[in-house]
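Engineer: sequence first, predicted coordinates after that:
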Amino acid sequence: MSYYFAIIGTQDNPLFEYEFGTSKQGGDGMARFTEQARQLNQFIIHSSLDIVEEVQWTNGQMYLKLVDRFFTSYISCFLTASNIKFLLLHQPPSSSSSSALPHPSSSASSSTPSLVSSSHHPPSSTSVIPSLSTLTGGSNSSTSTLTGGTSRTSTSIAANPTSPQTEEAIRNFFAEVYENYVKAIMSPFYRTNMEIRSPVFRARVAAAGRKYL
Amino acid sequence: MSNHLPAGAGNGGGGGRAGDSGLRYPSNGKTIYHRPLNRTKTAELSKAAFAYLFAEMVSYAQRRVTGIQELEKRLNLQGHPIGLKLLDLLLFREPPRTQLRPLNIIALLHFIKINVWTHLFGRQADRLEKSSNPDTPDEFMIIDNEPLVNAYISVPKEMSQLNCAAFAAGIIEGVCDGAGFPARVTAHTVGDTGGGGSNNGSGGTGADGGRGEGGEMWPGRTVFLVKFQPEVLEREALIGAKS
């Protein structure tokens, strides 16, 4: 399970971003996005802002739950009172787990539009090969992709992005980030829509991610 | 300190404890993130200290201005960022059940009248009114009989137009802007005789009884005129039609 968390300001400008992986179920807290997916994540988050703006006037809650889905990426949103958006993109480890499965599933996944394979995760039939080839190149992340895929089980919160447990875990994560965000803006030198650069804030977000996700 | 070694390598998160960012920490190691956001009910600031600071703020704003309009604008600007931050802080302090973003004008004004006022001045605002003039449905009034900010401000005769509660108006404007209800907020003194009744034809029909005497009883009565941008009302109508 990989997460991409971003805080978006009122002018749709990013204030903070952070990538991390799950720490539950023996995860090591590292994000497993491919280089392409990492770039795409920002576009996905940006496109979901439209949906957030649709939802925000129908629901007064701060936690808007799951707002958007782009193939295997799920986007949860938390909206503060002053219209700062916390967006969490979470990607269940389907790509790595399906690569561990035998071929029937890979033929099923190849029927999905080719955009998936080009953008999100490589199609499972081919994903093993490039990661093996990069393995010889000494890339550290691809080896952990393989081991991570086999060690994780489907009962983790990560595997069910729509389950109530996941929803609750993300709610707790957002609540903790929100508290730290409010502390950040209490600084008299902070003005709305300024980037949050504090290393303490980053460490706090990382701690919240480790704790709940 | 101890988490130097294990977490430091991980995706840039745990690192940056010291040194590399050039950031300096307080000697006791406590940053703004270590302090609690909730405070006890009785934690209040000295009124004298506030009055002293506020007087300085007014004279600072007055230093290079050409007119009263500009002075009020400056006071307004000083309050604006406070309002933006208060909105988040006060909603954070709400119990989780009622932690709702204000979605319509009434909810927002109630939030200002009750939460913001209680936080700032230790009591609620005295009255909330909607302009009865059909030409200006976008105008709302928050009325305070004796604004705390004006308690120790004496305005000279030749500047009788001035109301230093423009600072509080700026705070209100910040709250409105932050919540997504862009508005223009101005402070007007209506305590003077004549000012209260004729101004804008304000007030509902039922409230007229108490209004006439208000002028004498509360010479410092201030009306915060909240004028929302047209798009706010447009959206309000759309939301109202949907639900």
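Structural biologist: Yes, it's here. Numbers count the residues shown, from 1 in each chain, chains lettered A, B, ... in the order given.

Engineer: the helix or strand encompassing residue B:81: what's the following helix or strand?
Structural biologist: Residue B:81 is part of helix B:68-93 when elements are defined by DSSP states H and E. Under the assignment DSSP H and E, the closest C-terminal helix or strand after helix B:68-93 is helix B:105-111.

Engineer: in terms of secondary structure, what does that next one contact?
Structural biologist: Packing partners of helix B:105-111 (3 or more Cβ pairs under 8 Å, 6 or more residues apart in numbering or on different chains; DSSP states H and E): strand B:139-144, helix B:166-178. (Each C-beta comes from the backbone N, C-alpha and C, glycine too.)

Engineer: tell me which of those approaches residue A:26 most closely.
Structural biologist: With Cβ to Cβ as the measure, helix B:166-178 is the member of these nearest residue A:26 (42.2 Å).

Engineer: can you give me the pLDDT of residue B:14?
Structural biologist: With respect to pLDDT, residue B:14 has a value of 38.

Engineer: check contacts around the nearest residue to residue B:126 once chain neighbours are set aside.
Structural biologist: Nearest non-adjacent residue to residue B:126, counting by Cβ to Cβ, 6 or more residues apart in numbering or on different chains: residue B:145, 4.8 Å away. Contact analysis of residue B:145 by Cβ atoms under 8 Å, 6 or more residues apart in numbering or on different chains lists B:126, B:214, B:217, B:218, B:220, B:221.

Engineer: do I have it right that the first one meets residue B:141?
Structural biologist: No. The pair residue B:126 / residue B:141 is not scored as a contact, 10.7 Å apart, by Cβ atoms under 8 Å.

Engineer: more crowded one of these two?
Structural biologist: The neighbour count for residue B:126 versus residue B:141, taken as other Cβ atoms under 10 Å in any protein chain shown, is higher for residue B:141 (21 against 17).

Engineer: wait, what's in contact with the more buried one?
Structural biologist: B:127, B:128, B:129, B:130, B:131, B:200, B:202, B:223, B:224, B:225, B:226.

Engineer: try residue B:173
Structural biologist: B:76, B:79, B:80, B:83, B:183, B:184, B:185.

Engineer: repeat that for residue A:201.
Structural biologist: Residue A:201 touches A:16, A:180, A:181, A:184, B:33, counting by Cβ under 8 Å, 6+ apart.

Engineer: following the helix or strand harbouring the second one, which helix or strand comes up?
Structural biologist: Assigned by DSSP H and E, residue A:180 belongs to helix A:164-185. The C-terminal neighbour of helix A:164-185 among helices and strands, as given by DSSP H and E, is helix A:199-212.

Engineer: just the CA trace of stretch B:161-178, in CSV.
Structural biologist: Extracted in CSV, the C-alpha atoms of stretch B:161-178 (Å, rounded to 0.1, in the frame of the first residue of the first chain):
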residue,chain,number,x,y,z
GLN,B,161,-16.3,59.3,11.0
LEU,B,162,-13.7,57.0,12.4
ASN,B,163,-14.5,53.9,14.2
CYS,B,164,-11.5,51.9,15.3
ALA,B,165,-13.7,48.8,15.4
ALA,B,166,-12.6,48.5,11.8
PHE,B,167,-10.0,46.2,13.3
ALA,B,168,-12.8,43.9,14.5
ALA,B,169,-14.5,44.3,11.1
GLY,B,170,-11.2,43.0,9.6
ILE,B,171,-11.4,40.0,11.8
ILE,B,172,-14.9,39.3,10.7
GLU,B,173,-13.9,39.8,7.1
GLY,B,174,-11.1,37.3,7.5
VAL,B,175,-13.5,34.7,8.9
CYS,B,176,-15.9,35.2,6.0
ASP,B,177,-13.3,35.1,3.4
GLY,B,178,-11.7,32.1,4.8
